[in-house]
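S.K.: prediction below, plus the sequence it came from.
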Amino acid sequence: GAVVSQHPSRVICKSGTSVKIECRSLDFQATTMFWYRQFPKQSLMLMATSNEGSKATYEQGVEKDKFLINHASLTLSTLTVTSAHPEDSSFYICSARARDSYNEQFFGPGTRLTVL
Amino acid sequence: AQSVAQPEDQVNVAEGNPLTVKCTYSVSGNPYLFWYVQYPNRGLQFLLKYITGDNLVKGSYGFEAEFNKSQTSFHLKKPSALVSDSALYFCAVRDSRGYSTLTFGKGTMLLVSP
C-alpha cells in the first residue's frame, strides 16, 4: 500500500525558534498534501491543503505566516513552524493524495512538537 | 458544510463481545465515508471506506461498517472484539464532488477489557 513518512517523529525546541517537518510520499506521487494538527484526545483539524507547485490553501484561523507550507515536488511537502511558542506544541500529521485518486488519502505517522 | 458526529467519547466492551462505534454524517451530495484507527502517538491507519455499491463494507482486522443513507449513519462494527482493538477511532466524510477535503469526527476511544 501507499506509504507516507514524516520526519522528525518527535522534536523539542526552544520558544522563538523555527522547526521544519517533512512529509514524503514514498511510493506514489502526491499531487495534493494536507497538514493536520491534533491536540490531545481531540480530532484532527485541517490546517492547510497544498497542491504541487502551487501556494497552499489555509483553513480559516490558521496563520499562513506562522505555518509555512511548501510542496515543491510530487513526493515532498514541508511544514515550517516559525517562531514557535509553547501553544504551538501539538501533534502534526500530514496526509497525501495521489493524482486521480480523490477518494484515497494516506496519512503519515505524525510529528510530536514540544516547544519549551 | 459537511460534518461528522461520533456521539460516544468512549465505548467499553469485553473481549469476545461484539462492538459498535457510532457515526452519523451530514454532507451535500453523495458521501464518501471512511473509518480510521489511531494508536497512541501514531498517525491514522485506514480501516475501510464506503464510496458506492454494497451498503455493508468489510475492512481491515475484521472490521465492517454499514452505510445507511436514510439514517445518514456509518457505524463501525466487529463481531468479536480483541484487547488489541483498543484505540481511538475516527469517522470521516467528504462529498463526492471533485477534490473536497475530509472532515473528521471527534473520535471515539474504544477500550476492550480482557
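M.R.: Okay, I see it. Residues are numbered from 1 along each chain as shown, chains lettered A, B, ... in the order given.
S.K.: which strand or helix spans the residue nearest the centre of chain A?
M.R.: For chain A, the residue sitting closest to the mean C-alpha position, by Cα atoms, centre = their mean, is A:W35 at 3.5 Å. Using DSSP states H and E, A:W35 sits within strand A:30-38.
S.K.: for that strand, packing partners?
M.R.: strand A:19-25, strand A:44-51, strand A:67-73, strand A:76-81, strand A:90-98 (3 or more Cβ pairs under 8 Å, 6 or more residues apart in numbering or on different chains; DSSP states H and E). Using the backbone N, CA and C atoms, a C-beta is placed for each residue, glycine as well.
S.K.: please identify the deepest-packed of those.
M.R.: Highest mean neighbour count among those (mean count of other Cβ atoms under 10 Å in any protein chain shown): strand A:90-98, with a mean of 24.
S.K.: what's the mean pLDDT across whichever helix or strand comes after that one?
M.R.: Sequence order places strand A:106-107 as the next helix or strand after strand A:90-98, per DSSP H and E. Strand A:106-107 carries an average pLDDT of 91.
S.K.: neighbouring strands - and their directions - for strand A:106-107?
M.R.: strand A:90-98 (antiparallel) (DSSP bridges).
S.K.: angle of the strand it pairs with against strand A:67-73?
M.R.: 30 degrees (axes from the mean of the first three to the mean of the last three Cα atoms, to 10 degrees).
S.K.: and the contacts of strand A:90-98?
M.R.: By Cβ atoms under 8 Å, 6 or more residues apart in numbering or on different chains, the surrounding residues in contact with strand A:90-98 are A:2, A:4, A:6, A:21, A:23, A:25, A:28-40, A:44, A:77, A:79, A:104-108, A:110-113, B:41, B:43-44, B:99.
S.K.: the residues you listed, buried ones only, as a ChimeraX selection?
M.R.: What follows is the ChimeraX syntax for the buried subset of the contacts of strand A:90-98, where burial is set by 16 or more other Cβ atoms under 10 Å in any protein chain shown:
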select /A:2,4,6,21,23,25,28,30,31,32,33,34,35,36,37,38,44,77,79,104,105,106,107,108,110,111,113 /B:43,44
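S.K.: against chain B, how distant is A:K64?
M.R.: 17 Å (Cβ to the nearest Cβ, to the nearest Å).
S.K.: can you tell me the SS state at that residue?
M.R.: coil (DSSP: H, G, I helix; E, B strand; the rest coil).
S.K.: contact partners for the residue nearest to it when sequence neighbours are not counted?
M.R.: Distances taken as Cβ to Cβ, 6 or more residues apart in numbering or on different chains place A:Y58 nearest to A:K64, at 4.9 Å, with adjacent residues excluded. The neighbours of A:Y58, taking Cβ under 8 Å, 6+ apart as the test, are A:M47, A:A48, A:K64, A:F67.
S.K.: I'd like those as a markdown table, with pLDDT appended.
M.R.: What follows is those, written out as a markdown table (pLDDT from 0 to 100):
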| residue | pLDDT |
| --- | --- |
| A:M47 | 95 |
| A:A48 | 94 |
| A:K64 | 92 |
| A:F67 | 96 |
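S.K.: which one of these is nearest A:C13?
M.R.: Proximity of those to A:C13 was ranked by Cβ to Cβ; the top entry is A:F67 with 14.7 Å.
S.K.: which members of the contacts of A:Y58 define the maximum pairwise distance?
M.R.: Largest pairwise distance in the contacts of A:Y58, by Cβ to Cβ, is 9.8 Å, between A:M47 and A:K64.
S.K.: any weak-confidence spans in the chain?
M.R.: Chain wasn't specified; assuming chain A. For chain A, the stretches with pLDDT under 70 are A:1, A:100-103.
S.K.: actually it's chain B I care about, not the one you picked
M.R.: B:98-99.
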